[in-house]
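Engineer: requesting a structural model of the entry that follows:
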Amino acid sequence: MDRASFLKHLAWASVAPIALSACSRSRSTPTPSAVDTDTLDVHERRSDILPLDKSKEEWKAILDDDAYRILFEAGTEPRRSSPLLEETRTGTYICAACYLPLFSSKTKYESGTGWPSFWAPLEGRIETKKDMKLGYPRTEYHCVRCGGHQGHVFEDGPEPTGLRYCNNGLALNFVPQSEALPALRS
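Structural biologist: Numbering: from 1, shown residues only. As a prediction, this is how the structure comes out:
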């Protein structure tokens, strides 16, 4: 490649994040509005969802290093490392930090990405925000109760929502339908 071509490509590469950012502003935040969320709960629905405010030191004392890094430093676990990829039982996926139920096994599917994936969260259990850490916009989602980072949502999932909630396995615990949900952490 000659110098002129190199500089031309470099110029285009430098404006790509700006162009992608501008495109993202016109899109709305993905929401699973195309599904009746009343039918997703496997366990009894909780109504006691009060925010949980703990210091970073308190979370560090409760969680192991890898879970803390993912949940409260927005880390990512290695692809295909989560045992939850192989989980096929009926049950509920709860936040590994505060134990709030986040996903039903009814919405889990094999996305081929190497992380547990779901096409919808349980209603009112997650919040989203824009993430530009990689230089282009992504939608990060986190637990509405403790703020623990779960993963990112993408618009390439299956029907009925067309969304893929790509979750870190270490950010979740699985509770089979035959077991009671643990009490929410306080």
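
Engineer: the residue positioned nearest the centre of the chain: helix or strand, and which one exactly?
Structural biologist: In the chain, the centroid-proximal residue (Cα atoms, centre = their mean) is Gly151; its distance is 3.0 Å. Gly151 belongs to strand 149-154 when elements are defined using DSSP states H and E.

Engineer: before we move on, the earlier item: hey, what's the residue nearest to the centre of the chain bridged with?
Structural biologist: Tyr141, Asn167 (DSSP bridges).

Engineer: now the chain, which segments are flagged as low pLDDT?
Structural biologist: 1-39, 48 (pLDDT under 70).

Engineer: if we can go back for a sec, thought the residue nearest to the centre of the chain was touching Gly169?
Structural biologist: No. Using Cβ atoms under 8 Å, Gly151 is not in contact with Gly169, being 9.6 Å away. Yep, even glycine has a C-beta here, placed from its N, CA and C like the rest.

Engineer: give me the common contacts of those two.
Structural biologist: Trp115 (Cβ atoms under 8 Å, 6 or more residues apart in numbering).

Engineer: can you give me the strands for this structure?
Structural biologist: Taking DSSP state E, the strands of the chain run over residues 91-95, 101-104, 108-109, 117-118, 126-131, 138-143, 149-154, 164-167, 172-176.

Engineer: how many neighbours does Ala97 have?
Structural biologist: Here the number of neighbours of Ala97 (other Cβ atoms under 10 Å) works out to 28.

Engineer: how about the contacts made by it?
Structural biologist: Per Cβ under 8 Å, 6+ apart, neighbours of Ala97: 59, 62-63, 67, 71-72, 143, 146, 148, 171, 185.

Engineer: can I have the buried ones of those residues as a PyMOL selection?
Structural biologist: The buried residues among the contacts of Ala97 can be selected in PyMOL (16 or more other Cβ atoms under 10 Å) with this line:
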select buried, resi 59+63+67+71+72+143+146+148+171
